[in-house]
Each structure stands twice: as C-alpha cells, then as structure tokens.
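1. here is the input, now give the coordinates:
(chains A, B, C and D)
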Number of protein chains: 2
Amino acid sequence: MDALDRKIIAALRLNGRATYAELGRTVGLSASSVHERVGKLEAAGVITGYHATVNPSTVGLGVTALVGIQPTDTAEDNDVAEELGALPEVESCYAVAGDEAFVVKVRVPTVDDLEHTLGRLRRIAGVARTRTTVVLSTRFEGRPNNTVLEDPPPTGA
Amino acid sequence: MDALDRKIIAALRLNGRATYAELGRTVGLSASSVHERVGKLEAAGVITGYHATVNPSTVGLGVTALVGIQPTDTAEDNDVAEELGALPEVESCYAVAGDEAFVVKVRVPTVDDLEHTLGRLRRIAGVARTRTTVVLSTRFEGRPNNTVLEDPPPTGA
DNA sequence: ATTGAAAGCCTCTGGCG
DNA sequence: CGCCAGAGGCTTTCAAT
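-> Numbers count the residues shown, from 1 in each chain, chains lettered A, B, ... in the order given. Next up, the predicted model:
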C-alpha cells in the first residue's frame, strides 16, 4: 500500500462510481494500472465493497435508535451477535467495553416498529436488558476520514 | 417511487458499481431507462452518493469509540454540532434524546489518539462532559436493510 | 509494476412511440 | 415513460517493458 493506493482509496470513498480512467487521471496512472491496483486492494480486503447511500427517510426508515444490549451472566456473545444480525432492522452491531455487551443501531419506519423491535431484542436469549437512545436527527454519518490517507502515515498503518 | 425504483435502489445499495446495463437486466428495463430513473433518484435526494467501503484497520483507523456528549446548560446544539463536524475523526454525529445532546462515532489510529480526541471534544464550547464507549469489535456495520424496498410498503412510505 | 493496444461493453444523449 | 440507435468513452485483457 503506497501513496498511490491511498489516493485511489480516498477517491473511491468520495465517489464509489469513479471510473478507472478518471482515477487514473486523478492519481497519474493509466486506467489499466488503476484497474490492477483496485483489484488487489479488493482481494486484500482493504476495499470491502461499494454501496449507494440513501436518505433513509425517503425509503421509509425515518426512525433511528441506538440500543445498548446488556447480557445475562451466562450469555455467549457470539450467539447474541448472531441473533442480532438476524434482524434486518439492526443496521450495525458493535461489541463494546462496559456493562453492555453490544451497542446496535436500529432503523425502522415508525416508533411503533421501534417498540416492536425492542421487544424482539429483549426476547433474544442472553439479553438481560436494553437501553435505548432515540436519534432525533442525524447531523452527519459515515463521513470518510481521508486525512489518514492524504497525509503519509508517520509511523505506519 | 415505484417498485422498479425500489429494486434499483436495493441493487445499488448492494453494489454501488453496478452498471446501468446490469441494473436494467436485473429489473427488466433498458439501460437508458435505468439511467434516467437513477438520475431522478439522485436529483430527488433519495440516492445521496456512492462510496467505497474500506476495512478501517487496513487504513490505520483501528480504534473506534462511541462518545456521548453532555452539553452545558447554555449550549447551542447547532454550534456544538458544527464543531464536532470540524474534527475529521468524528465519522458520524447523531442528536439524541436523553441527557446527552449527541452521540458521535470516532475513529482513530490508536488509543493515544483517542485520548487526544476526547480532550479536544471536551474543550469544545458547550460540552460539559463526555461518556466514552470503546468498541471492541465491529460485528457488522452499515448493512443495507432492503426488506422495506423488497416488500411493497403496506400503507405507504 | 506499468504501459499501450484492441475488442467489446457501457454511457449518455437525442429522437420517437 | 420507455425504447432504440449511435458516437464516444470505458473496461478488461494481454504482451512487452
């Protein structure tokens, strides 16, 4: 991973539909070189995918909440995580330090659906309690931090 | 927004680099029709962008934390949010219900950087206290929930 | 690792149903 | 709205450096 790879990654984080030809013009390589580099970055698991981002409320997901999951004494974290993953309304799932085992981000159409989803979360084996923080507004989200890619890493990644 | 638009959106959430020709084959339209529909979805603010997703630790962002921001009595939420947005390591920022005004997701290279960032968060005018939850592992993140797009909405989006 | 060439596919516009 | 047609651009592979 050299500076050129980092520039390519930064460009693709900003515009995931950038063409290889465009990327090549941006970083000063031929399209075929960019093509090969991107393929290697994908194969190496650096680039994990490309996704359109959507305004959630326009697709009927206007309610967001952050839910802390307190486990029972005997809970198996991996089993709980798997069940959390089985619910499509759970968009993200982080295992965390503290009394809670996980914090998940939930997106649903309405507060009624939120109530329903929280019920399902509490019914998961190994879940003792949930603590819900309702999101009032999303100021920004998933902003790519490219500073670490633009500046050469001081000590190494 | 009809069922075809929803199918196109679902496909682009899964693969943001899908070509119009591919999308057309998937949904049963010509490439030019898909091209026009996608253009309208972008113009309408339904599709807000396309982004490569990257394994954060491979680009030197191995430490993630969720930080609750407790405001002072006199804090102006919008001013605080703006200052939070000025820090590139703050990837997401949600205004929330509860004693905290915001919950932010922070990504930094090391725990030393986290300490440094938390210091800067606390020094923002209007921030009284921070409460930090360190992420131990990301089980999954930003999963597109396409169920709401696949199933026709019962009452309407 | 990078490049240029070449065939095929895709984009994107304009015009027509 | 959707389709076709077409010129131009892009992708992808390959051999050479």
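2. what average pLDDT does the helix or strand hosting A:A52 get?
-> Using DSSP states H and E, A:A52 maps to strand A:47-54. Mean per-residue pLDDT for strand A:47-54: 98.
3. likewise stretch A:90-107?
-> The model assigns stretch A:90-107 a mean pLDDT of 98.
4. and stretch A:26-37, by the same measure?
-> On average, stretch A:26-37 scores 98.
5. that stretch vs DNA strand C: in contact?
-> Yes. Shown here: stretch A:26-37 in contact with DNA strand C (C-beta under 7 Å from any atom of the strand) through A:G28, A:L29, A:S30, A:S32, A:S33, A:E36, A:R37. Any C-beta I mention is one placed from the backbone N, CA and C, and that applies to glycine too.
6. just give me the neighbour total for the closest residue to A:G142 other than its chain neighbours.
-> Distance criterion C-beta to C-beta, 6 or more residues apart in numbering or on different chains; nearest residue to A:G142, sequence neighbours excluded, is B:S92 at 6.0 Å. For B:S92, the neighbour count with other C-beta atoms under 10 Å in any protein chain shown is 20.
7. swap in A:L61?
-> 22.
8. picking up where we left off before, ok, residues contacting the next helix or strand after the strand holding A:A52?
-> Following strand A:47-54 in sequence order, the next helix or strand is strand A:63-71 (DSSP H and E). By C-beta atoms under 8 Å, 6 or more residues apart in numbering or on different chains, the residues outside strand A:63-71 that reach it are A:56, A:77, A:80, A:84, A:96, A:99-111, A:113-114, A:118, A:121, A:126-135, A:138, B:66, B:94, B:96, B:103.
9. next one: stretch A:21-34
-> With C-beta under 8 Å, 6+ apart as the criterion, stretch A:21-34 contacts A:L4, A:K7, A:I8, A:A11, A:L12, A:A18, A:T19, A:Y20, A:R37, A:V38.
10. of these, which are in range of chain B?
-> Contacts with chain B within the contacts of stretch A:21-34, as defined by C-beta under 8 Å from any C-beta of the partner chain: A:L12.
11. buried ones among the contacts of stretch A:21-34?
-> A:K7, A:I8, A:A11, A:L12, A:A18, A:Y20, A:R37, A:V38 (16 or more other C-beta atoms under 10 Å in any protein chain shown).
12. quickly list what the closest residue in space to A:N15 that isn't next to it in sequence is bridged to.
-> Leaving out its chain neighbours, the residue that sits closest to A:N15 by C-beta to C-beta, 6+ apart is B:Y50, at 6.3 Å. When bridges are called by DSSP bridges, B:Y50 pairs up with A:A52.
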